[in-house]
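Student: Here is the input, now give the coordinates:
(chains A and B)
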Amino acid sequence: MSAGLLAALSVFVLGLLVGIEVIGKVPATLHTPLMSATNAIHGVILAGALLVTAVAGTAAEYAVGFLATAFAAMNVVGGYVVTDRMLGMFRPGSQR
Amino acid sequence: MSTVDTVVRLAYLAAAVLFVAGLHLMNSPATARRGNRVSIAGMAVAMAATLLLVVDSGGGTALGWTIMIAGTAVGTGAGWAAARAVPMTAMPQLVSVFNAVGGGAAALVAVPELAPPAAGASVRVPAVLDLVIGAVTFAGSLVAAGKLQGLVPGRPVLVRGARVLGGGLAVAAAVCAGLLLAGSGGGVALAILAVAVLAAGVLLVLPIGGADAPVVISLLNACTGTAVAMAGFVVDSNVLIVAGALVGASGAILTGLMAAAMNRSLGAILLGGFGTGDEPATGAGANAAVRAIQADDAAIQLAYARKVIVVPGYGLAAAQAQHAMRELAELLASRGTEVGYAIHPVAGRMPGHMNVLLAEANVPYTQMLELEQANAELPQADVALVVGANDVTNPAARRPGTAISGMPILDVDRASTVIVIKRSMGHGYAGIDNELYTDPKTAMLFADARAGLTALTAAVKTLVG
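Tutor: Residues are numbered from 1 along each chain as shown, chains lettered A, B, ... in the order given. Coordinates of the predicted model:
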């Protein structure tokens, strides 16, 4: 196993632990927006889609790149917009 | 490492920090929206860094740039339009669709790495995992969304010979994955693997009942996170690994919470065959011991109560009665009654869905009580008003030997009196009698949720003039 892979694996495991720690504190009231927000975060795969498209050379690779980019962009934008819309509706009692 | 490379890696680190900080801010409704925007800022940083990386590395062909821009434009337009237009009741389906495309994108990122000529083993292993998990998630999430939307039957669909077919698919996928992992697979092995895992995704979700679909969506969300992390290993990007791990962890936690709240084990859910997605209608008055009440009498109880706890279930949202509910609650509150909403974790179609539906109807989040808070307050309530909730209020869950034994419930029967608004004596998902309805202090107001609440509001208004 290379040093680079080991470092990446460490990052992955620590990321999991941070995730468990942070998510465990979110109240049940916000679980739907939370799921939607984390859903948007995994849209960061857009970075991977762009990198793959940039090095594409064949028609098949361009097709894969286009599909991946479109899917990922839909994931990011849609996920964040709908989360923002939901969270915008949560109001405290006094404000009326 | 070149300067640009260093800058990009630091920017990725900053993006990861912003993601974590954003999720941390979601621990309170007051800061949650800010948290989401911090997370958006992280995404913007990550994308800017990626573009810098592309430009610096010789930057793709003109065609490559055109495709990047076109793909981003198409996806942005579709995502934006869907997110603006969706009604809040259809939120679980949309989350599932966004999850599907995320998983699909993750799977696609692995494809060029697996196509010949074979890459090194440290890339091949995560690439195969990425493809398999991503493709299963893509197909499975679309089927789950279809079930919730009613496009695919919500009842468990059992395909004849599914076991044999599934076994065959698993063998084919395993052989092709083995070839690809060994570095001797070609385009054909890649294609067969992709088709086999897509079909497996469909077969995996089809037999799962509509009632369990939220748990499955949460599980698939965790899967996408994992696939994205694997893609991070493939393209050597820490921000993908961190973001994917965060989502994987959160999805796993939510799946566990949801399954526990429904009293279902993950294994039983995946085996399928439970819950139809629709409440079976059985005739009213099946049990003679039930006490019926009219709106006028119920209004008297409500109007003179010091403390009222409302227990909303998905039936409330299905009848579009959230606004009628909030009007009644505001009327009572304006007369000095203390009003709270007791919300079970599985009220609605995904964890926390009921809270979103109530927030949309302008119910302040300060009045929304979680299970434990609600159970601490219910014994002091003069009236518990149950609207559209069933199994989660059934005291039978406290006894062993019933279909819902051990399920965490709202202790509605510990309130001084209980009013249940319900159309008929029909059963919930569990298909058993609700002992709350035959409790001597329970009165049943047989009505559609919206009509019943409107009648109650009118009756309270007449009463107090």
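Student: Give the phi and psi angles for the residue lying closest to B:Thr442 once chain neighbours are set aside, as a check.
Tutor: Once flanking residues are discounted, B:Thr442 sits nearest to B:Val418: 4.2 Å by CB to CB, 6 or more residues apart in numbering or on different chains. Every residue, glycine included, has its C-beta placed from N, CA and C. Recorded main-chain torsions at B:Val418 are phi -130, psi 130, according to degrees, to the nearest 10.
Student: try B:Phe98
Tutor: When read as degrees, to the nearest 10, the backbone of B:Phe98 gives phi -60, psi -40.
Student: give me the number of residues near it?
Tutor: 31 (other CB atoms under 10 Å in any protein chain shown).
Student: Touching, it and A:Thr38? I think so.
Tutor: No. In this structure B:Phe98 lies outside contact range of A:Thr38 using CB atoms under 8 Å: 10.9 Å.
Student: Let's verify B:Ala384: helix, strand, or coil?
Tutor: Under the three-state scheme (DSSP: H, G, I helix; E, B strand; the rest coil), B:Ala384 adopts strand.
Student: tally of neighbours for B:Ala82?
Tutor: 17.
Student: for B:Pro87, same thing?
Tutor: Around B:Pro87 there are 10 residues (other CB under 10 Å).
Student: Can you pull the poorly scored residue ranges out of the chain?
Tutor: Answering for chain A, as no chain was given. A:94-96 (pLDDT under 70).
Student: actually chain B
Tutor: Using pLDDT under 70, chain B drops low at B:118, B:158-159, B:272-288, B:429.
Student: quick one on the thing from earlier: looking at it, the residue nearest to B:Thr442 is touching B:Val386, isn't it?
Tutor: Yes. Between B:Val418 and B:Val386 there is a contact under CB under 8 Å: 6.6 Å.
Student: Let me see the ranges of the strands in chain A.
Tutor: Ranges of strands within chain A: none, based on DSSP state E.
Student: Distance-wise, check the nearest residue to B:Ala384 once chain neighbours are set aside relative to B:Arg326.
Tutor: Once flanking residues are discounted, B:Ala384 sits nearest to B:Ala415: 3.7 Å by CB to CB, 6+ apart. Taking CB to CB, to the nearest Å as the measure, B:Ala415 falls 20 Å from B:Arg326.
Student: Only alpha carbons, please: show stretch A:39-57 as CSV.
Tutor: Provided in CSV are the C-alpha atoms of stretch A:39-57 (Å, rounded to 0.1, in the frame of the first residue of the first chain):
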residue,chain,number,x,y,z
ASN,A,39,-27.5,14.9,-0.3
ALA,A,40,-26.3,18.2,-1.8
ILE,A,41,-22.8,17.8,-0.3
HIS,A,42,-22.2,14.5,-2.1
GLY,A,43,-22.9,16.5,-5.3
VAL,A,44,-19.2,17.5,-4.8
ILE,A,45,-18.7,14.5,-7.2
LEU,A,46,-19.1,17.3,-9.8
ALA,A,47,-15.4,18.0,-9.2
GLY,A,48,-14.7,14.4,-10.2
ALA,A,49,-17.0,14.7,-13.2
LEU,A,50,-15.2,17.8,-14.4
LEU,A,51,-11.7,16.2,-14.0
VAL,A,52,-12.9,13.2,-16.0
THR,A,53,-14.3,15.4,-18.8
ALA,A,54,-11.2,17.5,-19.0
VAL,A,55,-9.0,14.4,-19.8
ALA,A,56,-11.6,12.8,-22.1
GLY,A,57,-10.3,11.9,-25.6
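Student: residue contacts, the residue minimising distance to the centre of chain B?
Tutor: In chain B, the C-alpha nearest the mean C-alpha coordinate belongs to B:Met350, at 3.4 Å (CA atoms, centre = their mean). B:Met350 makes contacts with A:31-32, A:35, B:91-92, B:95, B:214, B:217-218, B:258, as judged by CB atoms under 8 Å, 6 or more residues apart in numbering or on different chains.
Student: Of those residues, which belong to helices?
Tutor: A:31-32, A:35, B:91-92, B:95, B:214, B:217-218, B:258 (DSSP state H).
Student: quick revisit: phi, psi for the residue nearest to B:Ala384 please.
Tutor: phi -70, psi 160.
Student: Quickly find the element holding the closest residue to A:Val81 other than its chain neighbours.
Tutor: Once flanking residues are discounted, A:Val81 sits nearest to B:Ala83: 3.8 Å by CB to CB, 6+ apart. Using DSSP states H and E, B:Ala83 sits within helix B:62-85.
Student: burial count for the residue nearest to B:Ala384?
Tutor: There are 27 residues near B:Ala415, going by other CB under 10 Å.
Student: Isn't it up against B:Leu378?
Tutor: Yes. Here B:Ala415 reaches B:Leu378: they are 5.1 Å apart, a contact under CB under 8 Å.
Student: Show me the common contact partners of these two, please.
Tutor: In contact with both B:Ala415 and B:Leu378: B:309, B:384, using CB under 8 Å, 6+ apart.
Student: Can you give me the distance of B:Ala177 to chain A?
Tutor: 19 Å (CB to the nearest CB, to the nearest Å).
Student: And B:Val392, by the same measure?
Tutor: On the measure of CB to the nearest CB, B:Val392 and chain A end up 13 Å apart.
Student: show me the contacts for that residue.
Tutor: B:313, B:344, B:346-347, B:407, B:409-410.
Student: Go back to those residues and keep what's next to chain A.
Tutor: When the contacts of B:Val392 are checked against chain A using CB under 8 Å from any CB of the partner chain, none falls in range.
Student: Looking at those residues, which two lie furthest apart in space?
Tutor: B:Gly313 and B:Met407 (14.0 Å; CB to CB).
Student: quick one, which of the two is more surrounded?
Tutor: Taking other CB under 10 Å, B:Gly313 and B:Met407 do not tie; B:Gly313 has more neighbours (25 against 21).
Student: For the closest residue to the more buried one other than its chain neighbours, give its distance to B:Ile293.
Tutor: In space, and not counting its chain neighbours, B:Gly313 is closest to B:Ala389: 2.9 Å by CB to CB, 6+ apart. With distances taken as CB to CB, B:Ala389 is found 18 Å from B:Ile293.
Student: cool, and B:Val356?
Tutor: In terms of CB to CB, B:Val356 sits 31 Å off from B:Ile293.
Student: what about the two, which has more around it?
Tutor: B:Val356 (26 against 18).
Student: Let me see the contact set for B:Leu257.
Tutor: Counting by CB under 8 Å, 6+ apart, B:Leu257 has contacts A:28, A:31, B:345, B:351.
Student: ok, back up a step: what helices or strands is the helix holding B:Ala83 leaning on?
Tutor: helix A:45-54, helix A:59-88, helix B:91-114 (3 or more CB pairs under 8 Å, 6 or more residues apart in numbering or on different chains; DSSP states H and E).
Student: centre of the chain versus the last one, how much separation?
Tutor: With CA atoms, centre = their mean, to the nearest Å as the basis, the distance from the averaged C-alpha position of helix B:91-114 to the chain average is 17 Å.
Student: which non-adjacent residue is nearest B:Met1?
Tutor: Nearest to B:Met1 is B:Arg9, by CB to CB, 6+ apart, at 7.8 Å.
Student: Quick check: that neighbour touching B:Ser237?
Tutor: No. Here B:Arg9 does not reach B:Ser237: they are 9.2 Å apart, not a contact under CB under 8 Å.
Student: Looking at these two, which one has more neighbours?
Tutor: B:Ser237 (27 against 16).
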